[in-house]
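Trainee: Predicted model and sequence below, questions to follow.
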Amino acid sequence: FPNFIQPEAGRWFVSQVTGNLYLANARANDTGNYFCFTTINMDVSTKSIFSKAVQLTVYPD
């Protein structure tokens, strides 16, 4: 199961317009596969889905 991005000193935010994830001050340990996970609650059921992975590689300075 993936690790979820935790709120950490405002390093990331999600655009409410595009849904894009922005990560500031990326670090080498941020390297990895990122997914979008969403859940919708409907009257009779709940549906959750993961997006395809997007690879992020952070190179040291």
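Mentor: Received the coordinates, thanks. Residues are numbered from 1 along each chain as shown.
Trainee: any idea how far residue 21 is from residue 33?
Mentor: Applying C-beta to C-beta, to the nearest Å, the value for residue 21 to residue 33 is 13 Å. Glycine gets a C-beta too; all of them are placed from N, C-alpha and C.
Trainee: typo on my end, it should be residue 61
Mentor: With C-beta to C-beta as the criterion, residue 61 and residue 33 are 23 Å apart.
Trainee: and those two? which has more neighbours close in?
Mentor: For residue 61 versus residue 33, the count of surrounding residues by other C-beta atoms under 10 Å is larger for residue 33: 10 against 3.
Trainee: mind checking which helix or strand the residue of the chain positioned farthest from its centre is in?
Mentor: What lies farthest from the middle of the chain is residue 44; by C-alpha atoms, centre = their mean that is 27.5 Å. Under the criterion DSSP states H and E, no helix or strand holds residue 44.
Trainee: quick one: the strands in this structure?
Mentor: Along the chain, the segments classed as strands by DSSP state E run 12-14, 21-23, 32-34, 37-41, 46-50, 54-56.
Trainee: who wins for proximity to residue 6 among these?
Mentor: strand 12-14 (9.3 Å; C-beta to C-beta).
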